[in-house]
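Participant: My questions concern the predicted model and sequence given below.
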Amino acid sequence: MNELLGFEASKSGEMYNDLATVFTRARQRAVKLTQQYNRLYGEDEEKRMAVLNDLLGSVGETIFFEPDFRCEFGKNIHIGNRFYANFDCILLDGGEIFIGDDVLFGPRVGIFTTNHAIDAMERAACGCYSKNVTIGDGVWLGANVTINQGVTIGKNTIVGSGSVITKSLPESVIAVGNPCRVLRKITEKDKTDYLFRKK
C-alpha cells in the first residue's frame, strides 16, 4: 500500500497499514481532543462545542455527547442537527460515519467501520480495511448497540438494546437481536396523544 494515500486508502475499502504514521498521529490527536471535550463537561459548553468542531469532519447544530466520548480519528465523522449520545459512545472511524438529523444514541453505543485482515499473516502485518456506516434521520439506537462496518440504517428506525447490527436495516422499523433482525414496521398506531398534551 502507498502510505502517502493515508485516509484516502482507509476510505477506499482496500487493505491498508493501520499503524502507518499518518494514522498513529491522527489517533493521538483524537485522544487529546476527546479528553479535552470530556473534561469540559458541565464547565463551558461553548468551548466544548469548539473542540468538537475541531475534532469532527462536520457537525450540525445542537450536538451533545455525554462523557466519555471516544473516537479513533474524528475527521471521518459527520453529524447532522440535534444529535444526542448518552454515556460511553465509541465511534471508530477508519471509514466515514454519517449521522443524520434528530438521532439518539443510548449508553455505550459503538460504531466500528474498520476490520482487521482475515488472513493471519496480513493481520500481523497491520492489515485493515474499512467500510462506511450511514445512520438516517430520526434513528434511535438503544443501550449497548453495536454497528459493524458497511451498515446503513434507514430513517426513523429504532434498534433495541444490546443488538449487534451486521447488515443494513430499512427505514421505519423496530429491529432487535444478535444478529439484528427486523421485528416489525413502525405504523400510525404507534402514535399517542403526547404532542397534543405537550401543548
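Facilitator: Alright, I've got the coordinates. Residues are numbered from 1 along each chain as shown.

Participant: can we go C-alpha only for contacts and neighbour counts from here?
Facilitator: OK.

Participant: what's the burial count for residue 107?
Facilitator: Burial of residue 107 is recorded as 19 neighbouring residues (other Cα atoms under 10 Å).

Participant: For residue 15, see how far away it is.
Facilitator: Applying Cα to Cα, to the nearest Å, the value for residue 107 to residue 15 is 31 Å.

Participant: Residue ranges in the chain under the pLDDT threshold?
Facilitator: 1-5, 199 (pLDDT under 70).

Participant: Repeat the analysis, applying 50 as the threshold.
Facilitator: By pLDDT under 50, the weakly predicted segments of the chain are 1-4.

Participant: if we look at the biggest helix by length in it, which residues are touching it?
Facilitator: Counting by DSSP state H, the longest helix found in the chain is helix 21-39. Helix 21-39 has contacts (Cα atoms under 8 Å, 6 or more residues apart in numbering) with 3, 6-7, 48, 51-52, 55, 66-74.

Participant: neighbours of the closest residue in space to residue 11 that isn't next to it in sequence, just the number please.
Facilitator: Take residue 11 and drop its neighbours on the chain: the residue closest to it by Cα to Cα, 6 or more residues apart in numbering is residue 95, 4.9 Å away. Counted with other Cα under 10 Å, the neighbours of residue 95 add up to 27.

Participant: Just to be sure, residue 95 is in a helix?
Facilitator: No. Using DSSP: H, G, I helix; E, B strand; the rest coil, the assignment for residue 95 is coil, not a helix.

Participant: give me every residue that touches it.
Facilitator: Neighbour list for residue 95: 10-11, 76, 113-114, 130-133 [criterion: Cα under 8 Å, 6+ apart].

Participant: With neighbour count, distance to residue 168 and secondary structure added, can I get those residues in JSON lines?
Facilitator: Shown next, in JSON lines, are the contacts of residue 95 (neighbours: other Cα atoms under 10 Å; distance: Cα to Cα, whole Å; DSSP: H, G, I helix; E, B strand; the rest coil):
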{"residue": "10", "neighbour count": "24", "distance to residue 168": "21", "secondary structure": "helix"}
{"residue": "11", "neighbour count": "21", "distance to residue 168": "19", "secondary structure": "coil"}
{"residue": "76", "neighbour count": "22", "distance to residue 168": "20", "secondary structure": "coil"}
{"residue": "113", "neighbour count": "24", "distance to residue 168": "13", "secondary structure": "coil"}
{"residue": "114", "neighbour count": "23", "distance to residue 168": "16", "secondary structure": "strand"}
{"residue": "130", "neighbour count": "25", "distance to residue 168": "16", "secondary structure": "strand"}
{"residue": "131", "neighbour count": "22", "distance to residue 168": "12", "secondary structure": "coil"}
{"residue": "132", "neighbour count": "23", "distance to residue 168": "12", "secondary structure": "coil"}
{"residue": "133", "neighbour count": "23", "distance to residue 168": "9", "secondary structure": "strand"}
